[in-house]
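Novice: give me a 3D structure for the following:
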Amino acid sequence: MKQILIIITLFIANFSFAQAPAEWKEKDDFHKVMASTFHPMEDGNFNPIKEKSQEMYDKAVAWQKSSIPVGYNKKKISKILKKLVKETNDLNKEIKAGTTDTKIKEDLTELHDIFHEIVGLCKHE
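Specialist: Below is the predicted model of the structure:
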């Protein structure tokens with residue numbers, strides 16, 4: 001009986017760890033820049049995104065180039081990461097060209113939505 005309990009416990013522990021979201025450093029790195037720019041923008045402070053648009057683009061590129069964790073839907077995530085990189089590049093160029101805060105808000109909000117779309121896919125299938 002004791003052996004059966006041990007086997008069941010090991011099975012449950014193994015299943016639980018297998019279902020835990022994988023660590024993905026590049027996702028977390030991008031999230032830090034997104035959070036540090038998006039939330040101030042919501043309060044009307046556009047300085048962080050104006051100062052960090054290049055960094056956001058660089059983090060998006062690094063995320064796209066990184067290995068997608070095993071078990072995630074690589075095809076869907078790759079497609080959306082490609083869109084994220086394009087949109088962060090566009091925003092970076094617009095900011096450098098002196099675009100309006102209204103346009104920055106529109107574009108950064110879209111990037112935030114794209115980010116959350118990717119995060120929603122970051123689970124084992």
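Novice: next, the buried residues of the helix or strand harbouring Ala35.
Specialist: Using DSSP states H and E, Ala35 sits in helix 25-42. The neighbour-count check on helix 25-42 (16 or more other CB atoms under 10 Å) flags 26-27, 29-31, 33-34, 37-38, 41 as buried. Every residue, glycine included, has its C-beta placed from N, CA and C.
Novice: what's the answer for stretch 57-70, then?
Specialist: Buried-residue list, stretch 57-70, by 16+ other CB under 10 Å: 57-61, 63-64, 68-69.
Novice: give me the subset of those residues lying in helices.
Specialist: If you go by DSSP state H, the buried residues of stretch 57-70 have 57-61, 63-64 in helices.
Novice: can you redo the residues you listed as TSV with distance to Thr88 and pLDDT?
Specialist: Output for those, formatted as TSV (distance: CB to CB, whole Å; pLDDT from 0 to 100):
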residue	distance to Thr88	pLDDT
Tyr57	4	98
Asp58	9	98
Lys59	8	98
Ala60	4	98
Val61	8	98
Trp63	10	97
Gln64	10	97
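Novice: now do the longest helix along the chain: everything it contacts.
Specialist: For the chain, the longest helix by residue count, based on DSSP H, is helix 74-96. The contact list for helix 74-96, computed with CB atoms under 8 Å, 6 or more residues apart in numbering, reads 49-50, 53-54, 56-57, 60-61, 63-64, 68, 103-104, 107-108, 110-111, 114-115, 117-118, 121-122.
Novice: same deal with stretch 28-47?
Specialist: Contacts of stretch 28-47 (CB under 8 Å, 6+ apart): 48-49, 52-53, 55-56, 59-60, 62-63, 101, 104-105, 108-109, 111-112, 115, 119.
Novice: quick one: mean pLDDT over that stretch.
Specialist: If you average the pLDDT over stretch 28-47, you get 97.
Novice: with just CA atoms, put it into CSV.
Specialist: Output of stretch 28-47 as CSV, limited to C-alpha atoms (Å, rounded to 0.1, in the frame of the first residue of the first chain):
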residue,chain,number,x,y,z
ASP,A,28,10.0,38.5,-18.9
ASP,A,29,12.6,41.0,-20.2
PHE,A,30,10.1,42.4,-22.7
HIS,A,31,7.4,42.5,-20.1
LYS,A,32,9.6,44.7,-17.8
VAL,A,33,9.9,47.3,-20.6
MET,A,34,6.3,47.1,-21.5
ALA,A,35,5.1,47.5,-17.9
SER,A,36,7.5,50.4,-17.3
THR,A,37,6.2,52.3,-20.3
PHE,A,38,2.6,51.3,-20.7
HIS,A,39,1.4,52.0,-17.1
PRO,A,40,2.9,55.5,-17.0
MET,A,41,1.4,56.2,-20.4
GLU,A,42,-2.0,55.3,-19.0
ASP,A,43,-1.5,58.1,-16.5
GLY,A,44,-0.5,60.6,-19.2
ASN,A,45,3.3,60.2,-18.8
PHE,A,46,4.8,59.5,-22.2
ASN,A,47,8.4,60.1,-21.2
